[in-house]
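Chemist: Give the three-dimensional model of this entry:
(chains A and B)
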There are 2 protein chains.
Amino acid sequence: MTNPAYVAVDWGTSSFRLWLIARDGSVLAERRSGEGMTSAAKTGFSQVLAAHLAAVEAPENLPVIVCGMAGARQGWIEAGYIDVPAPLTSILTAAVSVPGESRDIRILPGLAQRDSATPDVMRGEETQLLGALGTASAGAQAVCMPGTHSKWVHVKDSKVTGFSTFMTGELFDVITKHTILSHAVAGAGEQPADTETFEAAVSAAFQRPALASNLLFTARSGQLLHGISAAAAQARLSGTLIGLEIAGALQDAANSDITLIASGRLQAVYEQAFRTLALPFTAIDADAAVRRGLSAAAEAIWPN
Amino acid sequence: MTNPAYVAVDWGTSSFRLWLIARDGSVLAERRSGEGMTSAAKTGFSQVLAAHLAAVEAPENLPVIVCGMAGARQGWIEAGYIDVPAPLTSILTAAVSVPGESRDIRILPGLAQRDSATPDVMRGEETQLLGALGTASAGAQAVCMPGTHSKWVHVKDSKVTGFSTFMTGELFDVITKHTILSHAVAGAGEQPADTETFEAAVSAAFQRPALASNLLFTARSGQLLHGISAAAAQARLSGTLIGLEIAGALQDAANSDITLIASGRLQAVYEQAFRTLALPFTAIDADAAVRRGLSAAAEAIWPN
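Modeler: Numbers count the residues shown, from 1 in each chain, chains lettered A, B, ... in the order given. The predicted structure is shown next:
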């Protein structure tokens, strides 16, 4: 087996992912678990990491590079924020060492948008971003990282100029679970997805974002008056929230190249939304991106 | 005591209000309770009404006019919908009689917007509207009835041309209770309201409605980066949702006269929002409006 060079860890709020990586960047072993920050804050970050390192038989002196919520104030050790505007690579020189550990463990900082009418923060996405765009990207990019809290980052010539969080995923979740619209979507999971309704909803919200909270209600009124299916109601909610997000994110960035960093179902849904709006985009796998970003950091911190 | 001429009932989803009214429109007695449709559907509409009628000593032959959710499919007896566009007065001739009752009980219909990209329904607000504007209003009006599901009705020369429901109140409720922002607003109730932040949030969302789900998130990021108070976080959420609502409602009605039909705290909050946006408006008390609408119906159905 090729010798491992370092361990890369993406430690989010509710998920933990670890890769054992060789000097050439190839993955020698991988671990995934639900021991995110919330869970590890109770059981101990050091213990959680040690167990996974043992499971992949990581040598004792092998260094570990970490990104994500492990660096939050309520995480393992606070890794602070780099204030934007800042170069994509600025995180490489600002990793924080975890004290009292036998091996070299570094946690990457997040990004903060402090002096803005829309203050914002991210942790983990900055590493994905570096992995996706590389250290030398040219032109204006709008990078979409969809999820519970979607992040849109504006990058110009390798510099992060600003970013915005949209609560799309979490709003969809609470609206379908806790509002009157929960009745409208009941049973949607057993029906085939309604692509046509999704696309119409994306377009409607993108064109008329001010109507968002009215467009959401049509999931119910459409069912009362026109008997639309639960799947159609769900597609309206999802499409409305995603159309609203894209309208807001591109409001001041209409001429940017769009990069989508996502995986699985979310990737498919956002690709469909971009195609509906005739917005060209480049898709990059989110898992590969965060791993490449962690590798870039490891290579900068522990050069050959 | 003046003789009662009829009984007026506003029977909503979660509230019941009854007035004993004289021929000249004066209120002789009043009852309020939480026995709305949801509760009465279990205990029996007839029994609930009979108990309140007995409490105000209503004569046995006194007729009763009802508006609201008692006329829904899941209510007492379905009173259908009048399709818009329709004159404000169209509800007066479409009340449905409740069969099997010893006295004359009529339930007013709701309004439906059927052939529209944004289908919509209302029950109860159509009666408020008639009471607020009267049977002969002139010019273009945008009528705002704020609440869990805010209704905005567009009226031109006494005719309802269209209307929209905005989920403002319910979204505020689930966002402050069930999302990550619940932490940001914890304890806001013990702090004085942050008027300045509310006004800034109303303006920001009105001007840039596409950013709504990002502006909501700044309640959290503002707390992380700038230590804003729970009251300020709550004001951001409330102001963002109300600013978004007003932007959507006036998108195609910029030149309409605004009428606000509301009471109590909601009235104060929306008045503040309209003043912030320099939008002139006329305020009408919601309770008085629905009572006047019910009286107009009673007088049309049971003339002197």
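
Chemist: For chain A, give me the ranges with low pLDDT.
Modeler: Within chain A, the stretches with pLDDT under 70 are A:1.

Chemist: what about A:Pro99, how many residues close to it?
Modeler: Look at A:Pro99: counted by other CB atoms under 10 Å in any protein chain shown, it has 7 neighbours. For glycine as for every other residue, the C-beta is placed from the backbone atoms N, C-alpha and C.

Chemist: what does A:Gly227 give?
Modeler: The number of residues packed near A:Gly227 is 8, by other CB under 10 Å.

Chemist: B:Ala286 versus that one, what's the distance?
Modeler: As judged by CB to CB, to the nearest Å, A:Gly227 and B:Ala286 stand 32 Å apart.

Chemist: A:Ala254 too?
Modeler: In terms of CB to CB, A:Ala254 sits 43 Å off from B:Ala286.

Chemist: between these two, which one's more packed in?
Modeler: Neighbour count, other CB under 10 Å: between A:Ala254 and B:Ala286, B:Ala286 has more, with 23 against 8.

Chemist: Spatially, what comes nearest to that one if we skip its sequence neighbours?
Modeler: Counting by CB to CB, 6 or more residues apart in numbering or on different chains, B:Ala286 lies nearest to B:Ser263, which is 4.5 Å off, once chain neighbours are set aside.

Chemist: Distance of that neighbour relative to A:Ala219?
Modeler: Using CB to CB, B:Ser263 is found at 29 Å from A:Ala219.

Chemist: Which one's more surrounded, these two?
Modeler: When B:Ser263 is set against A:Ala219 and neighbours are counted by other CB under 10 Å, the residue ahead is A:Ala219, at 28 against 15.

Chemist: could you say what helices and strands the helix or strand hosting A:Ser295 packs with?
Modeler: Per DSSP states H and E, A:Ser295 falls inside helix A:286-301. Helix A:286-301 sits against strand A:4-11, strand A:16-22, strand A:64-68, helix A:125-133, strand A:257-262, with contacts defined as 3 or more CB pairs under 8 Å, 6 or more residues apart in numbering or on different chains; DSSP states H and E.

Chemist: C-alpha coordinates for stretch A:208-216, PDB please?
Modeler: Written as PDB, here are the backbone C-alpha positions of stretch A:208-216 (Å, rounded to 0.1, in the frame of the first residue of the first chain):
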ATOM      1  CA  ARG A 208     -41.400  37.600  -9.200                       C
ATOM      2  CA  PRO A 209     -39.400  37.000  -6.000                       C
ATOM      3  CA  ALA A 210     -41.600  39.500  -4.100                       C
ATOM      4  CA  LEU A 211     -44.500  37.100  -4.400                       C
ATOM      5  CA  ALA A 212     -42.500  34.300  -2.600                       C
ATOM      6  CA  SER A 213     -44.800  33.900   0.400                       C
ATOM      7  CA  ASN A 214     -47.900  34.100  -1.800                       C
ATOM      8  CA  LEU A 215     -46.500  31.500  -4.300                       C
ATOM      9  CA  LEU A 216     -45.900  29.100  -1.300                       C
END
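
Chemist: what's it in contact with?
Modeler: Residues outside stretch A:208-216 that contact it (CB atoms under 8 Å, 6 or more residues apart in numbering or on different chains) are A:175, A:181, A:201, A:204-205, A:236-237, A:240-241, A:243-244, A:247-248, B:118, B:120, B:164-168, B:171, B:209-210, B:212, B:241, B:244-245, B:247-248, B:251.

Chemist: Quick check: the closest residue to A:Asp285 other than its chain neighbours vs B:Leu244, distance?
Modeler: With CB to CB, 6+ apart as the criterion, A:Asp285 has its nearest non-adjacent residue at 5.6 Å, and that residue is A:Ser263. Look at A:Ser263 and B:Leu244: by CB to CB, they are 31 Å apart.

Chemist: same question, A:Leu225
Modeler: Applying CB to CB, the value for A:Leu225 to B:Leu244 is 24 Å.

Chemist: Between those two, point out the one with more neighbours.
Modeler: Using other CB under 10 Å as the criterion, A:Leu225 and B:Leu244 rank with B:Leu244 on top: 33 against 19.

Chemist: hang on, isn't that one packed against B:Ala205?
Modeler: Yes. In this structure B:Leu244 lies within contact range of B:Ala205 using CB atoms under 8 Å: 4.6 Å.

Chemist: Tell me if the helix ranked longest in chain A is near chain B.
Modeler: Using DSSP state H, we find that the single longest helix of chain A is helix A:230-250. Yes. Judged by CB under 8 Å from any CB of the partner chain, helix A:230-250 and chain B are in contact via A:Leu241, A:Leu244, A:Glu245, A:Ala247, A:Gly248.

Chemist: which one among those gets closest to B:Val98?
Modeler: The nearest member of those to B:Val98, counting by CB to CB, is A:Leu241 at 41.4 Å.

Chemist: Tell me which residues touch the closest one, please.
Modeler: Counting by CB under 8 Å, 6+ apart, A:Leu241 touches A:Thr168, A:Leu171, A:Phe172, A:Ile175, A:Ala205, A:Ala212, A:Leu216, B:Ser213.

Chemist: The residue nearest to A:Val27 when sequence neighbours are not counted: what's it in contact with?
Modeler: Take A:Val27 and drop its neighbours on the chain: the residue closest to it by CB to CB, 6+ apart is A:Trp19, 5.2 Å away. For A:Trp19, the contact set (CB under 8 Å, 6+ apart) comprises A:Val7, A:Ala8, A:Val9, A:Val27, A:Ala29, A:Glu30, A:Arg31, A:Arg291, A:Leu294.

Chemist: May I ask you to confirm that the third one is in contact with A:Leu53?
Modeler: Okay, so that is A:Val9. No. Using CB under 8 Å, A:Val9 is not in contact with A:Leu53; the gap is 9.5 Å.

Chemist: Mark which of the contacts of stretch A:208-216 are buried, thanks.
Modeler: A:175, A:181, A:201, A:204-205, A:236-237, A:240-241, A:243-244, A:247-248, B:118, B:120, B:164-168, B:171, B:209-210, B:212, B:241, B:244-245, B:247-248 (16 or more other CB atoms under 10 Å in any protein chain shown).
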